[in-house]
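# I need the structure of the sequence given here:
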Amino acid sequence: MLSENVKKYKSMKKNLIVYFSKEGWSHITHPYEGIRPNVEEKQEALLNAFPTNVNIYIARSETSHIQWNIFQPQYIREKGLWTPYTWDNIEADLVIGFNIPKAVTRIFNTVREITHDKTYFENIFPDYSIQSVVCYTYEDIEKAFKNIQTSLKVLKPLKWTRSKWIFIQEDIPKKQDIETSYYPYLLQEFFDTSWWFYEYSWIHDFRIIMLWWNIIWKFLRQPEVWKYTANSFRKWNLIDLTDWELPDEIQKIVSKIESYCIKRFEHRYYSIDFGIWKNGNIKVFEMNSAPGLTTDYIAHKLWSYIAKNILKVC
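A predicted model of the protein is given here:
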């Protein structure tokens, strides 16, 4: 029986599996091999916040998943260090990471249902979103491109790609420059945020991070000169607005989004990215169901929530 080979402590200890597979990485020499350095840094920020009553493992290949919530991980974290794990299978109390197998049920999914497909938000909140033309082929892009009114056009994959394959330019991208596996793409007008964000000048992208009912952090992201995107995978400037009072017009949008989510999702950790045009028009660029752990403070807040409400170890 599989259960005879599954290790699950009967004490207060819980098992956390960090899972992220990459095709062809069945044999690894380091738990974060082949992963961007900043992913490791952010993941470690969260894991450093976990107490000793949680056993932490990393599973890195598709074959690591045995069935349901059972894994054969490659590494175990002991006293802040990763060491190879070669013992029994592990039954996870919680699985976090990327590309988690669909059969896994113990996940911290938050609001992914409404963020994975970017048109979902457009349909729910049309007044707060930048409406898109969905393009299933390059021919669709060609037909729609000339009808976009702004000089700069935005072309991006419909589904989450961690800020990759986004085109912001005047001319239509060449067919060979577009990654076909990410179709369908969304074509949008360019939303100009180069005026001001209240008292802050220059191009901006304002992010708030929500945990359950609460805004646990807010900050302004500014791209490097002559760029239009600012995130953790590119050069950017961050202005911490933790103590900045949220304007009523933005608070109203946040409250409407949260009121929608609370009826559908028990656990909610997500971010909302805003932009304001020079005419004062406010739009939501997107929601993210797995915002990065930009600070240790966010990691500790997230851990406290997970510990109390999901793993129930405190």
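
# going by C-alpha atoms from here, please, whenever you check contacts or count neighbours.
Will do.

# in this structure, which spans are helices?
37-47, 112-115, 118-124, 138-145, 248-262, 296-306 (DSSP state H).

# what residues go with each domain of the protein?
With domains defined by automatic domain parsing, the chain comprises 2-107, 113-126+192-289, 133-189.

# in a markdown table: those, plus mean neighbour count and mean pLDDT.
A markdown table is the format used below for those (neighbours: other Cα atoms under 10 Å; pLDDT from 0 to 100):
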| stretch | mean neighbour count | mean pLDDT |
| --- | --- | --- |
| domain 2-107 | 16 | 83 |
| domain 113-126+192-289 | 16 | 88 |
| domain 133-189 | 16 | 93 |
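
# can you redo those domains as a markdown table with distance to residue 305?
Shown next, in a markdown table, are the domains of the chain (distance: least, Cα to Cα, whole Å):
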| stretch | distance to residue 305 |
| --- | --- |
| domain 2-107 | 11 |
| domain 113-126+192-289 | 8 |
| domain 133-189 | 25 |
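
# out of the ones you listed, which comes closest to residue 311?
Nearest of those to residue 311, taken as Cα to Cα: domain 2-107 at 6.8 Å.

# which one of the domains of the chain lies nearest to residue 295?
domain 2-107 (7.9 Å).

# distance from that closest one to the middle of the chain?
19 Å (Cα atoms, centre = their mean, to the nearest Å).

# re the thing from before, can you redo the helices of the chain as CSV with distance to residue 222?
Formatted as CSV, the helices of the chain follow (distance: least, Cα to Cα, whole Å):
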stretch, distance to residue 222
helix 37-47, 19
helix 112-115, 23
helix 118-124, 22
helix 138-145, 27
helix 248-262, 19
helix 296-306, 20
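
# so for residue 239, which of those helices sits nearest?
helix 296-306 (15.6 Å).

# quick one: list the elements packing against the closest one.
Packed against helix 296-306 by the contact rule (3 or more Cα pairs under 8 Å, 6 or more residues apart in numbering; DSSP states H and E) you find helix 37-47, strand 214-223.

# now do the same contact list for residue 106.
69, 92-95 (Cα atoms under 8 Å, 6 or more residues apart in numbering).

# actually, residue 269.
Contacts of residue 269 (Cα under 8 Å, 6+ apart): 110-111, 209-212, 289-291, 302.

# return the member of these nearest to residue 79.
residue 302 (20.6 Å).

# check what pLDDT the closest residue to residue 267 other than its chain neighbours gets.
In space, residue 267 comes closest to residue 110 once its chain neighbours are excluded; the distance is 5.2 Å by Cα to Cα, 6 or more residues apart in numbering. For residue 110, the pLDDT comes out at 87.
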